[in-house]
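Chemist: Fold the following for me, if possible:
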Amino acid sequence: MAQTDPGISPPPPLSAMLETLRERHGLVALGGGEKLRARHESRGKIMVRERVDLLLDPQTPFLELSPLAAWGLYGNEVPGAGIVTGIGIVQGRACMLIANDATVKGGSFFAETVRKHLRAQEIAEEHRLPCLYLVDCGGAFLPEQDRVFPDRDHFGGSFYNQCRMSAAGIPQISIVFGGATAGGAYIPALSDQVIMVKGTGRIHLGGPPIVKAAVHEIVDGETLGGAEMHTLVSGVSDHLVETEMEGLAKLREIVGALGEIGKITPPPQPPAAPKLDPAELVDIVPTDLRRPYDVREVIARMVDDSAFSAFKPDYGATLVTGFAHIHGYPVGILANNGVLFSESAVKGAHFIELCDQRQIPLIFLQNITGFMVGTEAERGGIAKHSAKLVYTVSNARVPKYTVLIGGSYGAGNYGMCGRGFRPRLLFSWPNARIATMSPEVAATVVTELRRQSLKGAADEAAIAELDRRTRAQFEEQSDPYYATARLWDDGIIEPAQTRDVLGLCLALSAGETRDTGPRPVYRM
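Modeler: Prediction:
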């Protein structure tokens, strides 16, 4: 078996990883940099995150989604993928905010911008959250047009989503602070109500250069698509405001008249802080994924009163299952305490069906190398039993939420409700890793396959180089920042914040009408 590369240093402690996370969040919050921020503000415009802060109810949470999207891509010149998305409280209603950052490439859409925009709409549709679009958008980034424009899940998908949500009674409201050009014009045009800021807000399917090229007409942007024209003449805009502050006040007024949609259902019992301090998670959770720890210590610092009612605690013990409350909302928790055996898989399937029958949302805490392998496991039916867990995860009718608190490898990712199994939201801790397998296992598999293909004529120097390249590839591609940059999760969060993040997620789905048709409890 290939040995660990002595040149690879051990992972830093979780406290150091948190410092890195905070530093990167801080860098992204600066937008396109000081020069572009100054130019933006010189035009009388407010920075995107300040707009969000001014829109939200005072002293209420804002759950920003994928703030590190596009991290490490495009030379880090597209921080946050040029867009801020998240869930916040406006006039007492939970809303999805989708806000362009004009200091980042003029608010243009890159492939990751589109994915982030679509993901926010997907979450909004599933939770029936009003969508508030803070538009300052230059349309598609033309050099990336083949990754932004033509496919099903490209820019056009966002307009499709707007139409479908509006038809389903989910409000779509836009305020146009700056440009809404080309495809970006459809964001306000497809909204139920539109506000435009005089002097800076513009909507046009084709800007002045396109108009000149297409019909040989020379026209300035304000005449072509300014706020006054669209409010007084075309009717594209419903409200004309003098300033951004006035526009944000008008948007809050509109949201305040929406009725009951977005209102949060209070928990069935009063929240209670954990008896054990969530801040201690930094010292409890190792960053070396080969070091075991008891996941029940994590659960005890996450749930109300640190109270956890374990289900089948003595059977299939490598999967911890049980009932608890988070911020007063009931949950069923599945958490890894080792590799998944057949007994663990069957127990998990049974527990999921039980929660589904009782309409209790599911929380998956992933730290999993996968399902057990080997002759004994295969003869014992691990493929059949693991499939039972995958089946029940796929068909659970209750909301599912996933947090990667360690490794997320192989089919274990599937059985523990990875991205492909449609959790409502999925977050990662900064120590998380996600890949088909660990770097060590991948290097062993690849080098052994190469040796077998060479039938004894192996060049050990070439094998060693293959081992090194494989380890390096899997180390890079399993890094949580690699994953979050590509929106494989909804953001990297701090362990101590997990309880509050999950509490907000649970509140969003608490008042839903659910399928209560009969379904047997799975005990095979």
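Chemist: who's in contact with the nearest residue to E122 once chain neighbours are set aside?
Modeler: The shortest distance from E122 to any non-neighbouring residue, by C-beta to C-beta, 6 or more residues apart in numbering, is to N161 (7.5 Å). (Glycine included, C-beta is placed from N, CA and C.) For N161, the contact set (C-beta atoms under 8 Å, 6 or more residues apart in numbering) comprises L118, Q121, E122, E125.
Chemist: Among those, which ones are in helices?
Modeler: Using DSSP state H, L118, Q121, E122, E125 are the members of the contacts of N161 that sit in helices.
Chemist: Kindly indicate which of those lies nearest T85.
Modeler: T85 lies nearest to Q121 out of these, by C-beta to C-beta, at 9.1 Å.
Chemist: give me the number of residues near that closest one?
Modeler: 24 (other C-beta atoms under 10 Å).
Chemist: Look up which helix or strand R152 falls in, please.
Modeler: According to DSSP states H and E, R152 maps onto no helix or strand at all.
Chemist: how far away is it from Y160?
Modeler: R152 is 9 Å from Y160, where distance means C-beta to C-beta, to the nearest Å.
Chemist: Which one of these two is surrounded by more residues?
Modeler: Y160 (14 against 7).
Chemist: Relative to Q193, how far out is that one?
Modeler: Taken as C-beta to C-beta, the span from Y160 to Q193 is 20 Å.
Chemist: Over to N336?
Modeler: For N336, the distance to Q193 - C-beta to C-beta - is 46 Å.
Chemist: Check the secondary structure at the residue nearest to E122 for me.
Modeler: Following DSSP: H, G, I helix; E, B strand; the rest coil, N161 is assigned to helix.
Chemist: what ranges do the helices span in the stretch 1-150 of the chain?
Modeler: Ranges of helices in the stretch 1-150 of the chain, per DSSP state H, counting those that start in this stretch, are 14-29, 34-42, 48-55, 111-127.
Chemist: Going by neighbour count, which residues in the second one are buried?
Modeler: Which is helix 34-42. L36, H40 (16 or more other C-beta atoms under 10 Å).
Chemist: Only alpha carbons, please: show it as PDB.
Modeler: Coordinates of each C-alpha in helix 34-42 appear next as PDB, following Å, rounded to 0.1, in the frame of the first residue of the first chain:
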ATOM      1  CA  GLU A  34     -10.800  50.100  -3.400                       C
ATOM      2  CA  LYS A  35     -10.600  51.800  -6.800                       C
ATOM      3  CA  LEU A  36     -13.900  50.400  -8.000                       C
ATOM      4  CA  ARG A  37     -15.600  50.900  -4.700                       C
ATOM      5  CA  ALA A  38     -14.600  54.600  -4.800                       C
ATOM      6  CA  ARG A  39     -15.900  54.900  -8.400                       C
ATOM      7  CA  HIS A  40     -19.200  53.200  -7.400                       C
ATOM      8  CA  GLU A  41     -19.700  55.500  -4.400                       C
ATOM      9  CA  SER A  42     -18.800  58.600  -6.400                       C
END
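Chemist: now the angle from it to helix 48-55?
Modeler: 40 degrees (axes from the mean of the first three to the mean of the last three C-alpha atoms, to 10 degrees).
Chemist: for helix 34-42, the distance to its chain's centre please.
Modeler: Mean C-alpha position of helix 34-42 versus that of the full chain (C-alpha atoms, centre = their mean, to the nearest Å) differs by 29 Å.
Chemist: again with stretch 79-98
Modeler: On C-alpha atoms, centre = their mean, the centre of stretch 79-98 falls 12 Å from that of its chain.
Chemist: pLDDT on that stretch, on average?
Modeler: For stretch 79-98, mean pLDDT is 98.
Chemist: Give me the buried positions along that stretch.
Modeler: Those would be 79-91, 93-98, for stretch 79-98 by 16+ other C-beta under 10 Å.
Chemist: and what of stretch 21-30?
Modeler: L21, R24, H25, V28.
Chemist: Now for the first one: which residues touch it?
Modeler: In this case it means L21. P430, I492, E494.
Chemist: same check, this time on the third one
Modeler: If a contact means C-beta under 8 Å, 6+ apart, then H25 has P67, L68 as its contacts.
Chemist: Break this protein down into its domains, please.
Modeler: 14-257, 278-432+492-510, 437-478 (the TED database).
Chemist: Distance from the last one to the middle of the chain?
Modeler: Centroid displacement of domain 437-478 relative to its chain, using C-alpha atoms, centre = their mean, is 33 Å.
Chemist: Show the end-to-end separation of it, please.
Modeler: Using C-alpha to C-alpha, to the nearest Å, the end-to-end distance of domain 437-478 comes out at 9 Å.
Chemist: Next: the first one.
Modeler: Terminal residues of domain 14-257 lie 45 Å apart, using C-alpha to C-alpha.
Chemist: Any figure for the gap between Q452 and E297?
Modeler: Applying C-beta to C-beta to Q452 and E297 gives a distance of 43 Å.
Chemist: quick one on the thing from earlier: neighbour count winner among N336 and Q193?
Modeler: When N336 and Q193 are compared for neighbours, N336 comes out ahead with 24 against 17, by other C-beta under 10 Å.
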